[in-house]
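1. Give me a model of this one.
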Amino acid sequence: MAKTKTVKEVMIDVFEYPHVPYWFTIGQAMEIIRKSLMTGDKCYYPMAVLVFDEKYNLMGSVTIGDILKGLEPKLKISTLADAEISYVDEDVMTSYETSLFNAESKKNVEKPVGDIMVPAKTFVAPEDSVVKAAIMMIHHNVSLLPVLEDKKKLVGLVKMVNVFDEIANMIL
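-> Next up is the predicted model:
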């Protein structure tokens, strides 16, 4: 079995990942995602933007799913893991299709992204192993993990896809 790499060896620099201040609107975050994530040369997964405060401290992140939920707060479809059945009733779906993402959503696009972001609560250090990062990502159900130096300075991000690749290299 190969030697376990550290997070520092697989992380991406924090400034290579798209980011916005918390006061940017949901619409501005949507444009950044459309320009930098969906049409850019690099494929970022998860498709998210990082959210910073005025002192450039990481506050959290916003994914495409967070944005869609923020645009349409009435959208209350439970995940398959929460549901007893694995489909959405056709009548419920039809009512959603005709009542969601309308004029109200156009108003919500002006809300600040800080209102819909998911706070960053879980971190790893650059010297931590990729295995530790995998355990934390699985335990906290995240696919993007901030990397903090000396437990305070944000230096990068480790993505689940990179962790997966390293673990596959170790095992296969």
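2. Give the buried residues for stretch 126-137.
-> For stretch 126-137, burial by neighbour count (16 or more other C-beta atoms under 10 Å) applies to Pro126, Asp128, Ser129, Val130, Lys132, Ala133, Ala134, Met136, Met137. Every C-beta, even on glycine, is put in place using the N, C-alpha and C of the backbone.
3. want to try JSON lines for the residues you listed, with secondary structure and pLDDT as columns?
-> Shown next, in JSON lines, are the buried residues of stretch 126-137 (DSSP: H, G, I helix; E, B strand; the rest coil; pLDDT from 0 to 100):
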{"residue": "Pro126", "secondary structure": "coil", "pLDDT": "95"}
{"residue": "Asp128", "secondary structure": "coil", "pLDDT": "96"}
{"residue": "Ser129", "secondary structure": "strand", "pLDDT": "95"}
{"residue": "Val130", "secondary structure": "helix", "pLDDT": "95"}
{"residue": "Lys132", "secondary structure": "helix", "pLDDT": "96"}
{"residue": "Ala133", "secondary structure": "helix", "pLDDT": "95"}
{"residue": "Ala134", "secondary structure": "helix", "pLDDT": "94"}
{"residue": "Met136", "secondary structure": "helix", "pLDDT": "95"}
{"residue": "Met137", "secondary structure": "helix", "pLDDT": "92"}
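4. From those residues, pick the one nearest Glu149.
-> Nearest to Glu149 among these, counting by C-beta to C-beta, is Pro126 at 5.9 Å.
5. OK, contacts around the spatially closest residue to the closest one that is not a sequence neighbour?
-> The shortest distance from Pro126 to any non-neighbouring residue, by C-beta to C-beta, 6 or more residues apart in numbering, is to Lys8 (3.8 Å). Contacts for Lys8 (C-beta atoms under 8 Å, 6 or more residues apart in numbering) come out as Pro126, Glu127, Val147, Gly156.
6. Could you give the number of residues near the last one?
-> Residues within reach of Gly156, counting by other C-beta atoms under 10 Å, total 21.
7. OK, contacts around it?
-> Neighbours of Gly156 in contact, by C-beta under 8 Å, 6+ apart: Val7, Lys8, Met11, Ile12, Asp13, Val14, Pro126, Pro146, Val147.
8. Which one of these is nearest to Ser61?
-> Closest approach between the contacts of Gly156 and Ser61, by C-beta to C-beta: Pro146, at 8.7 Å.
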